[in-house]
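*Asks:* this is a predicted model, with the sequence first.
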Amino acid sequence: MAYLKFISDKDFFAAVGKVVRIIESAEHDAIINLHKNVIDPFSAIFHGVTHSITYKEWIEQEKARQSQKTMQNAIGVFHQEILGAVTGWENMGAGGGLDVVNREMMMIAEIKNKFNTTKGNHKVEVYDAIKSMLKTKEYEMFTGYYVEIISQGKNKYDKPFIPPDNKTKKRRPVNKKIRVIDGLSFYALATGRKQALQELFEALSHVLVDNYKFKLGKREALQYFELFRLAFSTE
(Lines give C-alpha, C1' and ligand atoms only; values in the text may rest on other atoms or scores of the structure.)
Protein backbone atom coordinates (compact mmCIF):
# COMPACT_ATOMS: atom_id res chain seq x y z
CA MET A 1 0.00 0.00 0.00
CA ALA A 2 1.39 3.40 -1.00
CA TYR A 3 2.25 5.94 1.68
CA LEU A 4 0.40 8.68 -0.18
CA LYS A 5 -2.36 8.68 -2.78
CA PHE A 6 -1.10 11.66 -4.76
CA ILE A 7 2.53 10.66 -5.50
CA SER A 8 4.41 7.38 -5.89
CA ASP A 9 6.49 5.89 -3.08
CA LYS A 10 9.54 6.18 -5.33
CA ASP A 11 9.13 9.94 -5.68
CA PHE A 12 8.28 10.30 -1.97
CA PHE A 13 11.39 8.37 -0.91
CA ALA A 14 13.56 10.42 -3.27
CA ALA A 15 12.31 13.73 -1.81
CA VAL A 16 12.76 12.54 1.79
CA GLY A 17 16.19 11.08 1.03
CA LYS A 18 17.40 14.35 -0.44
CA VAL A 19 16.50 16.23 2.76
CA VAL A 20 18.11 13.58 4.99
CA ARG A 21 21.34 13.77 2.98
CA ILE A 22 21.38 17.57 3.12
CA ILE A 23 20.85 17.51 6.90
CA GLU A 24 23.59 14.94 7.41
CA SER A 25 25.97 16.95 5.22
CA ALA A 26 25.10 20.19 7.06
CA GLU A 27 25.74 18.55 10.44
CA HIS A 28 29.09 17.23 9.21
CA ASP A 29 30.04 20.68 7.94
CA ALA A 30 28.94 22.24 11.24
CA ILE A 31 31.40 20.00 13.12
CA ILE A 32 34.25 21.03 10.81
CA ASN A 33 33.36 24.73 10.77
CA LEU A 34 32.23 25.04 14.40
CA HIS A 35 35.08 27.30 15.50
CA LYS A 36 35.78 29.04 12.16
CA ASN A 37 33.34 31.72 13.22
CA VAL A 38 34.43 32.66 16.73
CA ILE A 39 31.89 31.50 19.30
CA ASP A 40 30.96 34.01 21.99
CA PRO A 41 32.02 32.26 25.24
CA PHE A 42 29.91 34.61 27.36
CA SER A 43 26.78 33.74 25.41
CA ALA A 44 27.70 30.06 25.60
CA ILE A 45 28.12 29.93 29.37
CA PHE A 46 25.00 32.01 30.03
CA HIS A 47 22.91 29.78 27.77
CA GLY A 48 24.37 26.51 29.04
CA VAL A 49 24.18 27.25 32.75
CA THR A 50 20.77 28.96 32.77
CA HIS A 51 19.28 26.09 30.75
CA SER A 52 20.92 23.43 32.94
CA ILE A 53 22.58 21.67 30.01
CA THR A 54 26.06 20.21 29.82
CA TYR A 55 28.80 21.69 27.67
CA LYS A 56 28.46 18.71 25.31
CA GLU A 57 24.72 19.30 25.00
CA TRP A 58 25.36 22.99 24.32
CA ILE A 59 27.84 22.13 21.55
CA GLU A 60 25.24 19.84 19.93
CA GLN A 61 22.66 22.64 20.08
CA GLU A 62 25.15 25.09 18.56
CA LYS A 63 25.90 22.71 15.69
CA ALA A 64 22.17 22.33 15.10
CA ARG A 65 21.74 26.11 15.17
CA GLN A 66 24.53 26.61 12.62
CA SER A 67 22.99 24.08 10.24
CA GLN A 68 19.43 25.36 10.71
CA LYS A 69 19.39 27.66 7.66
CA THR A 70 20.60 24.85 5.42
CA MET A 71 17.85 22.61 6.74
CA GLN A 72 15.17 25.25 6.22
CA ASN A 73 16.28 25.67 2.62
CA ALA A 74 16.14 21.89 2.23
CA ILE A 75 12.51 21.85 3.41
CA GLY A 76 11.60 24.36 0.71
CA VAL A 77 13.23 22.08 -1.88
CA PHE A 78 11.37 19.12 -0.33
CA HIS A 79 8.00 20.74 -1.07
CA GLN A 80 9.16 21.56 -4.59
CA GLU A 81 10.14 17.90 -5.09
CA ILE A 82 6.84 16.61 -3.69
CA LEU A 83 4.60 18.95 -5.64
CA GLY A 84 6.65 18.45 -8.80
CA ALA A 85 5.98 14.70 -8.53
CA VAL A 86 2.18 15.04 -8.35
CA THR A 87 0.45 13.82 -11.52
CA GLY A 88 0.29 16.65 -14.06
CA TRP A 89 2.97 18.72 -12.32
CA GLU A 90 6.61 19.24 -13.29
CA ASN A 91 9.56 20.23 -11.13
CA MET A 92 11.29 23.01 -13.03
CA GLY A 93 14.54 22.47 -11.12
CA ALA A 94 17.00 25.00 -9.73
CA GLY A 95 17.33 26.98 -12.97
CA GLY A 96 13.74 26.79 -14.14
CA GLY A 97 12.79 30.38 -13.30
CA LEU A 98 10.05 29.28 -10.91
CA ASP A 99 9.62 25.96 -9.07
CA VAL A 100 6.70 23.89 -10.40
CA VAL A 101 4.32 24.02 -13.35
CA ASN A 102 1.11 22.27 -14.39
CA ARG A 103 0.43 22.75 -18.10
CA GLU A 104 -3.06 21.26 -18.05
CA MET A 105 -4.21 23.40 -15.12
CA MET A 106 -2.21 26.33 -16.56
CA MET A 107 -0.57 27.08 -13.22
CA ILE A 108 3.00 27.93 -12.31
CA ALA A 109 4.34 28.48 -8.80
CA GLU A 110 7.23 29.65 -6.66
CA ILE A 111 7.31 27.79 -3.33
CA LYS A 112 8.64 29.11 -0.04
CA ASN A 113 8.56 27.23 3.23
CA LYS A 114 7.28 30.02 5.48
CA PHE A 115 5.56 33.39 5.16
CA ASN A 116 8.63 35.20 6.54
CA THR A 117 11.25 33.17 4.65
CA THR A 118 11.37 35.79 1.91
CA LYS A 119 11.92 39.42 2.88
CA GLY A 120 9.91 42.26 1.36
CA ASN A 121 12.38 43.26 -1.35
CA HIS A 122 12.74 39.63 -2.45
CA LYS A 123 8.98 39.23 -2.65
CA VAL A 124 8.98 42.00 -5.23
CA GLU A 125 11.55 40.01 -7.20
CA VAL A 126 9.26 36.96 -7.06
CA TYR A 127 6.32 39.06 -8.30
CA ASP A 128 8.43 40.40 -11.16
CA ALA A 129 9.67 36.89 -12.04
CA ILE A 130 6.10 35.58 -12.22
CA LYS A 131 5.00 38.61 -14.26
CA SER A 132 7.91 38.12 -16.64
CA MET A 133 7.03 34.46 -17.23
CA LEU A 134 3.35 35.26 -17.76
CA LYS A 135 4.36 37.67 -20.52
CA THR A 136 5.94 34.87 -22.55
CA LYS A 137 3.93 33.07 -25.22
CA GLU A 138 4.35 29.73 -23.40
CA TYR A 139 2.79 30.94 -20.14
CA GLU A 140 0.57 33.88 -21.17
CA MET A 141 -2.63 31.99 -20.28
CA PHE A 142 -1.29 30.70 -16.94
CA THR A 143 -1.87 31.85 -13.37
CA GLY A 144 1.25 32.34 -11.24
CA TYR A 145 1.31 31.56 -7.53
CA TYR A 146 3.62 32.58 -4.73
CA VAL A 147 3.17 29.73 -2.24
CA GLU A 148 3.77 30.25 1.48
CA ILE A 149 3.61 26.70 2.88
CA ILE A 150 3.36 27.97 6.48
CA SER A 151 1.12 31.01 6.61
CA GLN A 152 0.99 33.67 9.27
CA GLY A 153 -1.59 32.89 11.94
CA LYS A 154 -2.78 29.66 10.29
CA ASN A 155 -4.66 31.76 7.75
CA LYS A 156 -5.95 30.36 4.47
CA TYR A 157 -5.88 32.62 1.45
CA ASP A 158 -5.74 32.70 -2.32
CA LYS A 159 -5.57 36.34 -3.29
CA PRO A 160 -3.71 38.77 -5.56
CA PHE A 161 -0.03 39.06 -4.63
CA ILE A 162 0.82 42.76 -4.10
CA PRO A 163 4.18 42.95 -2.27
CA PRO A 164 5.55 46.37 -1.29
CA ASP A 165 8.56 47.77 -3.12
CA ASN A 166 11.07 49.20 -0.62
CA LYS A 167 12.51 51.52 -3.27
CA THR A 168 9.31 53.13 -4.55
CA LYS A 169 7.37 52.67 -1.28
CA LYS A 170 4.45 51.41 -3.38
CA ARG A 171 2.93 47.98 -3.78
CA ARG A 172 3.04 46.10 -7.03
CA PRO A 173 -0.23 46.53 -8.97
CA VAL A 174 -3.05 44.03 -8.58
CA ASN A 175 -2.97 41.31 -11.21
CA LYS A 176 -5.54 38.55 -10.76
CA LYS A 177 -3.17 36.11 -12.44
CA ILE A 178 -0.37 36.77 -9.92
CA ARG A 179 -1.49 35.34 -6.59
CA VAL A 180 -0.27 34.43 -3.11
CA ILE A 181 -1.62 31.27 -1.49
CA ASP A 182 -1.08 29.32 1.74
CA GLY A 183 0.36 25.81 1.76
CA LEU A 184 -2.78 23.94 2.79
CA SER A 185 -4.79 25.56 0.02
CA PHE A 186 -2.12 25.04 -2.62
CA TYR A 187 -1.59 21.37 -1.80
CA ALA A 188 -5.36 20.88 -2.02
CA LEU A 189 -5.46 22.74 -5.33
CA ALA A 190 -2.49 20.84 -6.76
CA THR A 191 -3.58 17.35 -5.68
CA GLY A 192 -7.37 17.57 -5.53
CA ARG A 193 -7.18 16.29 -1.95
CA LYS A 194 -8.38 18.66 0.78
CA GLN A 195 -6.08 17.24 3.47
CA ALA A 196 -3.06 16.55 1.23
CA LEU A 197 -0.58 18.52 3.35
CA GLN A 198 -1.69 16.77 6.55
CA GLU A 199 -1.47 13.42 4.79
CA LEU A 200 2.08 14.28 3.73
CA PHE A 201 3.09 15.20 7.28
CA GLU A 202 1.62 12.05 8.79
CA ALA A 203 3.21 9.82 6.13
CA LEU A 204 6.60 11.47 6.61
CA SER A 205 7.11 9.99 10.08
CA HIS A 206 6.41 6.49 8.74
CA VAL A 207 8.88 6.89 5.87
CA LEU A 208 11.62 8.13 8.20
CA VAL A 209 11.12 5.21 10.59
CA ASP A 210 10.53 2.53 7.96
CA ASN A 211 13.43 3.42 5.68
CA TYR A 212 16.10 4.82 8.02
CA LYS A 213 17.56 3.99 11.40
CA PHE A 214 15.42 6.59 13.09
CA LYS A 215 12.99 5.96 15.93
CA LEU A 216 9.74 7.70 16.75
CA GLY A 217 7.36 6.58 19.49
CA LYS A 218 3.60 7.07 19.35
CA ARG A 219 3.72 9.73 22.06
CA GLU A 220 6.39 11.71 20.20
CA ALA A 221 4.48 11.33 16.94
CA LEU A 222 1.45 12.90 18.62
CA GLN A 223 3.61 15.71 19.98
CA TYR A 224 4.98 16.43 16.50
CA PHE A 225 1.44 16.39 15.10
CA GLU A 226 0.50 18.98 17.73
CA LEU A 227 3.14 21.24 16.12
CA PHE A 228 1.41 20.66 12.78
CA ARG A 229 -1.94 21.51 14.35
CA LEU A 230 -0.51 24.72 15.79
CA ALA A 231 0.95 25.73 12.40
CA PHE A 232 -1.98 24.77 10.18
CA SER A 233 -5.76 24.71 10.33
CA THR A 234 -6.81 21.05 10.54
CA GLU A 235 -10.52 21.77 10.20
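*Replies:* That came through, no problem. Numbering: from 1, shown residues only.
*Asks:* note down every partner strand of whichever strand or helix holds Val147 and its orientation.
*Replies:* Following DSSP states H and E, one finds Val147 within strand 143-150. Using DSSP bridges, the neighbouring strands of strand 143-150 in the sheet come out as strand 107-114 (parallel), strand 178-182 (parallel).
*Asks:* least reliable of the ones you listed going by mean pLDDT?
*Replies:* In terms of average pLDDT, strand 107-114 trails the rest of the strands paired with strand 143-150, at a mean of 93.
*Asks:* what does the helix or strand just after that strand rub up against?
*Replies:* Proceeding C-terminally, strand 107-114 gives way to helix 120-134 as the next helix or strand, assigned by DSSP H and E. With contacts defined as Cβ atoms under 8 Å, 6 or more residues apart in numbering, helix 120-134 is touched by 97-98, 108, 110, 118, 139-140, 142, 144-146, 161-167, 172, 175, 177-178. All C-beta spots, glycine's among them, are computed from the backbone N, C-alpha and C.
*Asks:* buried subset of those, written for ChimeraX?
*Replies:* Here the buried members of those are turned into a ChimeraX selection, burial being counted by 16 or more other Cβ atoms under 10 Å:
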select :98,108,110,118,139,142,144,145,146,161,162,163,172,175,177,178
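*Asks:* related to what we said a few turns ago, out of the strands paired with strand 143-150, which comes closest to Leu197?
*Replies:* Evaluated over the strands paired with strand 143-150, closeness to Leu197 peaks at strand 178-182, with 9.5 Å, by Cβ to Cβ.
*Asks:* who touches that closest one?
*Replies:* Among residues not part of strand 178-182, those counted as contacts by Cβ under 8 Å, 6+ apart are 127, 130-131, 134, 143-149, 151, 155-161, 172, 189.
*Asks:* would you show me how to pick out the buried ones of the residues you listed in ChimeraX?
*Replies:* Here is the ChimeraX command that selects the buried residues among those (16+ other Cβ under 10 Å):
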select :127,130,131,134,143,144,145,146,147,148,149,151,161,172,189
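*Asks:* buried ones in the helix or strand encompassing Arg219?
*Replies:* Per DSSP H and E: Arg219 is located in helix 218-231. In terms of neighbour count (16+ other Cβ under 10 Å), helix 218-231 has its buried residues at Ala231.
*Asks:* go on, stretch 74-93?
*Replies:* Using 16+ other Cβ under 10 Å as the test for burial, stretch 74-93 gives 74-86, 89-92.
*Asks:* start and end of that stretch, how far apart?
*Replies:* Across stretch 74-93, the straight-line distance between its terminal residues is 13 Å, by Cα to Cα, to the nearest Å.
*Asks:* and that stretch, how far out from the chain's middle?
*Replies:* In terms of Cα atoms, centre = their mean, to the nearest Å, the centre of stretch 74-93 is found 10 Å from the chain centre.
*Asks:* quick one: contacts of that stretch?
*Replies:* For stretch 74-93, the external contacting residues (Cβ under 8 Å, 6+ apart) are 6-8, 11-12, 14-16, 18-19, 22-23, 26, 98-105, 109, 111-113, 117, 147, 149, 183, 186-187, 190-191, 200.
*Asks:* mind running it again at 6 Å?
*Replies:* Judged by Cβ atoms under 6 Å, 6 or more residues apart in numbering, the contacts made with stretch 74-93 from elsewhere in the structure are 6-7, 11, 15, 19, 22, 99-102, 104, 111, 113, 149, 190-191.
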